[in-house]
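Chemist: Below: sequence and its predicted model.
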Amino acid sequence: MTSRFADGLAVGSDLVATAERAIGQALSRLGGKADLVCFFICGDDPDDVARAGSRAMAAAPGAHVIGCSATGVIGDGQGIELTPSVSAWAATLDGARLTTFALETLTAEDRFMVVGLPERHPDDHVAILLADPYSFPTDAFVEKSAEVLGDLPLIGGLANGLSGRGSVRLFADGEVYTEGAIGVLLSGDINVSTVVSQGCRPIGPSMVVTRSEENLLLELAGQPALARLEDIVSDLEEDDRELVASGLQIGLAMDEYADRHEHGDFLIRGVLGIDPEREAVAVGDVIEVGRTVRFQVRDAATADDDLYTLLDSHREQLGRVDGALLFACNGRGSAMFGTADHDAVALRDTLGALGMAGFFAAGEIGPVAGHNHVHGFTASVLVFSPSRR
């Protein structure tokens, strides 16, 4: 049994024609019947995006097809931002079983319930998830996914549109959705793995949270959290102080029992601000007393090194890699690296020539240390390699 992968990219204001070209490129390069097609559309008008998506689905008869709107797309070894464009990815997955799904949220009082999840089987490997961040509770769903999905990895991203709220469009097997989430479950004889590059560098020491209140850190290692942060920043070089000013992060240690917590050992969350009166630091998560944390900074050099290191290691473990889907934060690309091509080029440099496509997401979904999370400023990659059999 063999699997094949190919991608396509087209740019143009006539989105329907652009979608046809991108899908056509991917299918012609595949050189055979596609089992799964993914596509991503950047366009000014949500109605045009919907029409282009419908045309893209119709252009791949017999395949399972999913896709979404985005503020930028990735394909053909490059990224395109804020410009009408379509990227496409096609795969022949002999031996695999594919199940597309659409999720919606039902609310009752102060609780919500997600319906539409596919039935689990022992040979399930991964689910690709594309969600509307304005209507679907992605963070809560992903963080609690283990309660329903067990150890199934989730990977994907939060869709968006150039007009923000109301402009998101999701596509799955002929249907167009304006809210919720869609995806595909990959099962059977297929070899897939994930890479999540958070691209942060620790500063200061690791510290235990000794007092907190919801998302406020009140005390770190027995001292006011703000005082701890000020001490750390005062000891930094000027360049790192500038990075703190431009966007400080905090890392939650993934293994509380490790002797040391260094680069790559943390789940990254943003620092939202400070409360001088309470000497507190507000962060983008609820961190319980007893957790180990360490402040972090992010810059282009660190993000570049982190992605290349992880991909190189992954390639060494897997040997040959044939295909990949890339979900990169819309804060990466030209905003971070000065070029929209960086992450696409990194995959080609490390994994070799392969069928690869994706989009710039408003949040990235991927597993870290065996648990699914929603990330920011991250590159989440789904990697396809030859079957172990």
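Modeler: Yep, it's here.
Chemist: which stretches of the stretch 1-150 of the chain form strands?
Modeler: 3-11, 36-42, 64-69, 72-75, 78-81, 85-93, 96-108, 111-115, 124-131 (DSSP state E, counting those that start in this stretch).
Chemist: Show me what the first one is packed against.
Modeler: Using 3 or more Cβ pairs under 8 Å, 6 or more residues apart in numbering; DSSP states H and E as the contact definition, the elements that strand 3-11 packs against are helix 15-30, strand 72-75, strand 78-81, strand 85-93, strand 323-329, strand 355-361. The way it works is simple: take the backbone N, C-alpha and C, and place the C-beta from them, glycine included.
Chemist: Tabulate those (a markdown table), appending distance to residue 254, mean pLDDT and mean neighbour count.
Modeler: Shown next, in a markdown table, are these (distance: least, Cβ to Cβ, whole Å; pLDDT from 0 to 100; neighbours: other Cβ atoms under 10 Å):
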| stretch | distance to residue 254 | mean pLDDT | mean neighbour count |
| --- | --- | --- | --- |
| helix 15-30 | 36 | 98 | 22 |
| strand 72-75 | 28 | 98 | 28 |
| strand 78-81 | 29 | 98 | 22 |
| strand 85-93 | 30 | 98 | 29 |
| strand 323-329 | 20 | 97 | 27 |
| strand 355-361 | 22 | 98 | 29 |
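Chemist: Need those in JSON lines (columns: distance to residue 46).
Modeler: Listed next are the helices and strands packed on strand 3-11 as JSON lines, based on distance: least, Cβ to Cβ, whole Å:
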{"stretch": "helix 15-30", "distance to residue 46": "11"}
{"stretch": "strand 72-75", "distance to residue 46": "16"}
{"stretch": "strand 78-81", "distance to residue 46": "18"}
{"stretch": "strand 85-93", "distance to residue 46": "15"}
{"stretch": "strand 323-329", "distance to residue 46": "21"}
{"stretch": "strand 355-361", "distance to residue 46": "16"}
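Chemist: out of the ones you listed, nearest to residue 286?
Modeler: strand 323-329 (22.2 Å; Cβ to Cβ).
Chemist: hmm, who's touching the closest one?
Modeler: By Cβ atoms under 8 Å, 6 or more residues apart in numbering, the surrounding residues in contact with strand 323-329 are 3-5, 38, 74, 79, 89, 91, 128, 155-157, 343-344, 347, 351, 354-361, 363-366, 375-384.
Chemist: Quick check: closest non-adjacent residue to residue 51.
Modeler: Once flanking residues are discounted, residue 51 sits nearest to residue 16: 5.5 Å by Cβ to Cβ, 6 or more residues apart in numbering.
Chemist: Surely that neighbour touches residue 58?
Modeler: No - between residue 16 and residue 58 there is no contact under Cβ atoms under 8 Å: 10.4 Å.
Chemist: The helix or strand bottoming out on mean pLDDT in the chain vs strand 96-108, what angle?
Modeler: The least trusted helix or strand in the chain, going by mean pLDDT, DSSP states H and E, turns out to be strand 111-115, with a mean of 86. On the basis of axes from the mean of the first three to the mean of the last three Cα atoms, to 10 degrees, strand 111-115 is oriented at 150 degrees to strand 96-108.
Chemist: neighbouring contacts of strand 111-115?
Modeler: Contact with strand 111-115 is made by 103-107, 137, 140-141, as judged by Cβ under 8 Å, 6+ apart.
Chemist: What distance do you get for residue 335 to residue 305?
Modeler: In this structure, residue 335 and residue 305 are 18 Å apart, going by Cβ to Cβ, to the nearest Å.
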